[in-house]
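model the following, please.
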Amino acid sequence: MQTLADPLRTAVETAREAGALLRRLGTGPLDAREKGARGDLVTAADRASERLIVERLQAAFPGSAILGEEDGERAGDTGERWIVDPLDGTTNYLHGYPLYCVSIAYERDGDVLAGAIYAPALDATFAGARGRGATCDGKPIAVSQPEAVADAMVCTGFKPADYDRNGEHFAHLSRVAQAVRRDGSAALDLAFVANGTFDAFWEFDLKIWDVAAGALIVREAGGTVSAIDGSVYAPGAGSILATNGRVHTEMCAELAIASGAARLRAEILGS
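Got it, this is the predicted structure:
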């Protein structure tokens, strides 16, 4: 069995190689199309990045399972699994907006033990391994210091088609936080919580490949991760709230207020 350093190094090197590919492909035609909901895009670059990642991971860890956003699950027989988002922030990438990334997490027997997030346009590599802390470009990182939401810059994400579910939360936090951002890349938003840029991030309806690496990196940077209602976080289970820990309880309370307003609005409109 490989040591934990091996999957971490593999994740970092593979994410950086895939990111370099994305930079090259970004100068040409991308064959973009919608996968389902409006604004949920996939391009030729997403698919090419995933192919490269799968090839590298299969060569380094033969027998491990791989779950990728574009091509689904490849079975394995070792108890190990890689969780891959080959291009998180596809719409940003398509429009030349620099906040997009590659996210790769390593899981053993159901536990995420290592992860890497590489932002090609920023040339920034975020990484973490269970019990070993979190880094950006090899240097240790830690979550931020604010202790009140009023002093916090927070972030969220949602697709245009999901505005009705998310609008109340965005509006409410805009009234109580120092600032709210919506950047379009959940994995990179989590990395920015880990390095102290954002004080909190929340989002509904994410998939495991969006959050597996980022949630680990936040925790290793000293942050707190839960479901939006404060319950135990389960990867891919529907919602995530990641914070510096100091504003976590208050963020849960503010999001609960917004959730109540959203339910009331839905009831009124449905009556």
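
can you list the domains in the protein?
Following automatic domain parsing, the chain resolves into domains at 5-136, 149-270.

mean confidence for the first one?
What domain 5-136 shows for mean pLDDT is 91.

quick one: low-confidence ranges for the stretch 151-271 of the chain?
In the predicted model of the stretch 151-271 of the chain, residues 236, 261-262, 264-271 satisfy pLDDT under 70.

where exactly do the helices run in the stretch 1-150 of the chain?
5-25, 44-60, 90-94 (DSSP state H, counting those that start in this stretch).

who's in contact with the residue nearest the centre of the chain?
Taking C-alpha atoms, centre = their mean, the centroid of the chain lies closest to residue 187, which sits 2.1 Å from it. Applying C-beta atoms under 8 Å, 6 or more residues apart in numbering to residue 187 gives the contacts 85, 88-89, 101, 103, 117, 210-211, 213-214. (Each C-beta comes from the backbone N, C-alpha and C, glycine too.)

ok, of the residues you listed, which one's closest to residue 49?
Checking the contacts of residue 187 against residue 49 with C-beta to C-beta, the nearest one is residue 85 at 9.2 Å.

quick revisit: so which of the domains of the chain gets nearest residue 142?
domain 149-270 (5.2 Å).

so how far is residue 96 from residue 192?
The spacing between residue 192 and residue 96, counted by C-beta to C-beta, to the nearest Å, is 20 Å.

quick one, strands of the stretch 151-271 of the chain?
Using DSSP state E, counting those that start in this stretch, the strands found in the stretch 151-271 of the chain span residues 153-156, 179-182, 200-204, 224-226, 239-243.

relative to the shortest one, what are the paired strands and their orientations?
Strands flanking strand 224-226 in the sheet, each with its direction: strand 239-243 (antiparallel) (DSSP bridges).

now do the partner strand: distance to the chain's middle.
For strand 239-243, the separation from the chain centroid amounts to 10 Å (computed by C-alpha atoms, centre = their mean, to the nearest Å).

thinking again about what came up before, ok, residue 192 and residue 96, which is more surrounded?
residue 192 (27 against 9; other C-beta atoms under 10 Å).

quick one: contacts for that one?
Contacts of residue 192 (C-beta under 8 Å, 6+ apart): 155, 198, 201.

might one say that the first one is in contact with residue 191?
No: taking C-beta atoms under 8 Å as the contact criterion, residue 155 and residue 191 are not neighbours in contact, 11.0 Å apart.

who's more crowded, those two?
residue 191 (34 against 27).

list the contacts of the more buried one.
So residue 191 contacts 101, 117, 119, 124, 126, 136, 214, 217 (C-beta under 8 Å, 6+ apart).

just residue 127 next, same as before
So residue 127 contacts 8, 11-12, 114-117, 134-136, 217 (C-beta under 8 Å, 6+ apart).

which one of those is nearest to residue 32?
Proximity of the contacts of residue 127 to residue 32 was ranked by C-beta to C-beta; the top entry is residue 117 with 22.6 Å.
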